[in-house]
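A.B. asks: need the 3D shape of this:
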Amino acid sequence: MMTLKNETVAVKQMIDRLHELYLTTDGPVDKKDLGFFEKVKKETAPLFELNNGWMEQAEIFVKNRGTRVHPNQVKSTHENIEMLILHSYYLDIQRKRYKELFQSSHYVLDMIIDDLNRADD
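C.D. replies: This next block holds a predicted model:
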């Protein structure tokens with residue numbers, strides 16, 4: 001099992017890759033294309049798993065320690081990351097909204113890493 005710090009870093013790297021995907025791909029021609037749906041389902045399954053695993057560990061961390069991150073922020077970040085995963089493939093969100101989700105997620109992930117680093121000191 002990965003530590004929360006390693007999972008948080010992995011989630012940050014994942015959303016960075018998703019952001020790059022969002023910026024560089026054209027998305028589906030037909031959003032009802034079954035082949036595209038199957039491709040997205042296969043590629044995103046491990047991303048959703050990583051995000052769910054991160055949330056479980058992060059919720060325990062913020063509930064059991066004095067951190068700057070509130071449990072609701074963990075839940076919101078988890079939901080934001082789910083939206084980033086889907087919108088990175090389907091490109092059905094405005095660039096400004098995508099950027100807000102991306103930056104908000106990074107902000108909370110960075111706060112958790114800072115709190116973990118402070119706990120290690």
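
A.B. asks: where does this structure dip in pLDDT?
C.D. replies: 1, 121 (pLDDT under 70).

A.B. asks: and the residue nearest the centre of it?
C.D. replies: Centroid-nearest residue in the chain, with CA atoms, centre = their mean: I81, separated by 3.2 Å.

A.B. asks: residues of the helix or strand encompassing F61 that come out buried?
C.D. replies: Per DSSP states H and E, F61 falls inside helix 34-64. In terms of neighbour count (16 or more other CB atoms under 10 Å), helix 34-64 has its buried residues at 36, 40, 44, 47, 50-51, 53-55, 57-58, 61-62. (Each C-beta comes from the backbone N, C-alpha and C, glycine too.)

A.B. asks: could you give the angle of the helix or strand that contains V108 to helix 34-64?
C.D. replies: Assigned by DSSP H and E, V108 belongs to helix 95-120. The directions of helix 95-120 and helix 34-64 differ by 40 degrees, with axes from the mean of the first three to the mean of the last three CA atoms, to 10 degrees as the criterion.

A.B. asks: show me what helix 95-120 packs onto, helices and strands only.
C.D. replies: Packing contacts for helix 95-120, counted by 3 or more CB pairs under 8 Å, 6 or more residues apart in numbering; DSSP states H and E, involve helix 4-24, helix 34-64, helix 71-90.

A.B. asks: how about the contacts made by the residue nearest to E59 when sequence neighbours are not counted?
C.D. replies: Nearest residue to E59, sequence neighbours excluded (CB to CB, 6 or more residues apart in numbering): V74, at 5.3 Å. Going by CB atoms under 8 Å, 6 or more residues apart in numbering, V74 touches 55, 58-59, 62, 108.

A.B. asks: of the helices and strands packed on helix 95-120, which is nearest N117?
C.D. replies: With CB to CB as the criterion, N117 lies closest to helix 4-24 of those, at 8.0 Å.
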